[in-house]
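> Next come a sequence and a model predicted from it.
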Amino acid sequence: MKIIVSIKEVPVRDSQLRIAADERWIEDGDLSYEMNEPDAYALEEALQLKEKHGGEVIALCAGPASAARTIREALAKGADRALHIEDEHISSWGTLSLARLLAKAVAGEMPDLILTGLQSDDLGYGQTGVVLAEILGLPHATIVMAAEVTDGKIRVKRELESGWFQNIEMPLPAVLTIQSGINKLRYATLMGIKKAKTKELKRLEGNELGVSASSTATIERVYLPRKSKQTQMIEGSAREAASKLIEKLRFEARVI
Amino acid sequence: MSESVLVIMEQRAGEWNRMSFETLVVGQWLAAELGHTVSAAIPGKGITALASELARKKLDRVYAVEHELLGGYTADGYTAALEQLIRKVQPSFVLFPHTYQVRDLAPKLATRFNQALISDVIGMRNENGPVFVRQLFQGKLNADVKPGGAAPYFVSIQAGAFNAEAIEPGTSTVETFAPDLATTAIRQRPEPPFRESSGAVDLTAAEIIVSVGRGIKEKDNIPIVEELAKVLGGELAATRPVCDSGWMPIARQVGSSGQTVAPKVYIAVGISGAIQHLLGMKGSKTIVAINKDANAPIFEVADYGIVGDLFEVVPAMVEEVKHSLATQR
């Protein structure tokens, strides 16, 4: 079974975000990056499917040259090889053009399965996987919590709202977007990290693939959200703040 | 291209997804701002009663998109049906509630019109055309987004962002639309939805909830917040990432994929406040947030906030509660 996992690099979760001078994006020069968390779960699911059914796992990532670090991490965890579509301004690619770019990169591979996270922690549009499936003419399922492969078909457990689930079966090849928590993430071993250095990492460019960046929707301005409530911020040392808070909860809000 | 807004409503087995009505409010507002008409569509099987209910709202038309193969949701079936409807109606805007079903469907549908979905919208303004507000970085920042390219534009609306009670009543006519669908073109085989018997703890009855997020760092630290819940006589809850990591049982998860709670007081410890979590607790009477990041979105909904180290603040709260209980006696 040949499985492609599409991963994205995003600023690390606890980054202090500063808005750029033109107010159209964040100041991203000095940020550290990591693998988008839902994509890490997609990678783990691919590795587990390979362990069960054999085959190959290929990591696919569109991002700047520095994204090679995240790609190496995927290789260290067990991906067999990687495709890196290198572009320093990947955030200027709208969803549609980015999905077309990814589609071009995977078309020659003829995978049985394409996995990706259900959304990115930065933009959060939550649609790259679905759009990729539509462009490739493949069936898809989103928000997947379990996947089971049997003779040319895949049966997945989809998450619905409020604790409901639904099983869906479809033919392979297919595209799945994976929900966080579907499995338990592995760490890269020392041996894995060593091996990763020898694995194939193929670089591609947008121009070579015949797709250029375009965008339908544009971000006009980025700003801090306005508070919907008047928050009383309680200052002081931990002891003082705790004491004031408990007093307020008892005598002002009267809830404890 | 007609100057119109089309709202796609959602139902399952004849029951509305109530978020649809919040989206209908947005549709009516957008149409009024742009001088467009607004219509609604409801896809499914056996949906006459739902369509009649819609006909009592202020709408230009109600499209009952009725077909045997729309009985259960499939991405292929629903996309084909709605694509045909949109090609016929030619709206300039297509609005959806941002449900789990829409996340599966709308990006595929938008692609067929050379568009991308502007997803999970929380607000909008009219500035020579609509500007949609959506969140970035899990709610840490907001962005104003303008649609571009050729219409129709596809937009989905976040739960709880608009009040469904603002719908304007009126009368409209129901038009049945029978899409051309074939079994062979639907690749997904859905089975009936089910609930997992997780032995869920009913958090909805709790008056005091102490809830814990990623800030707790590891499973071994859970007793720190557990102690606070204990001395307050409240229930312990957690965010999704904490449950995903196996630090707390899923039965105690609060948020859009867990339980929705509205206690007298909700104490959020080390929770940044991603929208999926806020949806499950923002109805709480009093919200307390304790977080080391002053810019964490949880402070936007909090009544009381402490910016600080939970590992110092929470034990101090426990001492304080014990002390005040002692003096009370």
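Thanks, I have it.
> distance of residue B:246 from chain A?
7 Å (Cβ to the nearest Cβ, to the nearest Å). Heads up, the C-betas are built off the backbone N, CA and C, glycines and all.
> and the helix or strand where residue B:28 lies, what other elements does it pack with?
Following DSSP states H and E, one finds residue B:28 within helix B:19-34. The elements that helix B:19-34 packs onto, with contact taken as 3 or more Cβ pairs under 8 Å, 6 or more residues apart in numbering or on different chains; DSSP states H and E, are strand B:4-8, strand B:37-44, strand B:93-97, strand B:118-126, strand B:130-136, strand B:153-157.
> of all these, which lies closest to chain A?
The closest of these to chain A is strand B:118-126. By Cβ to the nearest Cβ, the value is 5.2 Å.
> Sheet partners, orientation included, of that closest one?
Here strand B:118-126 is paired, per DSSP bridges, with strand B:130-136 (antiparallel), strand B:153-157 (parallel).
> which secondary structure elements does the helix or strand just after the longest one contact?
On the C-terminal side of strand B:130-136, the nearest following helix or strand under DSSP H and E is strand B:141-146. Identification of packing neighbours for strand B:141-146 by 3+ Cβ pairs under 8 Å, 6+ apart yields strand A:218-223, strand B:118-126, strand B:130-136.
> Walk me through which strands strand B:141-146 pairs with, and which way each runs.
strand A:218-223 (antiparallel), strand B:130-136 (antiparallel).
> could you dump those strands to CSV with mean neighbour count?
Shown next, in CSV, are these (neighbours: other Cβ atoms under 10 Å in any protein chain shown):
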stretch, mean neighbour count
strand A:218-223, 15
strand B:130-136, 21
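> in the helix holding residue B:28, what's buried?
B:19-31, B:34 (16 or more other Cβ atoms under 10 Å in any protein chain shown).
> Closest one to residue B:48 out of these, please.
The closest of these to residue B:48 turns out to be residue B:20 (Cβ to Cβ; 16.8 Å).
> from what I can see that closest one touches residue B:10, true?
Yes - if you go by Cβ atoms under 8 Å, residue B:20 and residue B:10 touch, sitting 5.1 Å apart.
> hmm, back to that, relative to residue A:168, tell me which of the helices and strands packed on strand B:141-146 wins on proximity.
strand B:118-126 (21.5 Å).
> in that closest one, what counts as buried?
In terms of neighbour count (16+ other Cβ under 10 Å), strand B:118-126 has its buried residues at B:118, B:119, B:120, B:121, B:122, B:123, B:124.
> and the third one, what does it touch?
What that stands for is residue B:120. Neighbour list for residue B:120: A:124, A:125, A:126, B:98, B:134, B:135, B:156, B:157, B:158, B:275 [criterion: Cβ atoms under 8 Å, 6 or more residues apart in numbering or on different chains].
> just to revisit the earlier point, how about the helices and strands packed on helix B:19-34 in CSV, adding mean pLDDT and distance to residue B:227?
Shown next, in CSV, are the helices and strands packed on helix B:19-34 (pLDDT from 0 to 100; distance: least, Cβ to Cβ, whole Å):
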stretch, mean pLDDT, distance to residue B:227
strand B:4-8, 98, 48
strand B:37-44, 98, 50
strand B:93-97, 98, 40
strand B:118-126, 95, 36
strand B:130-136, 96, 34
strand B:153-157, 98, 41
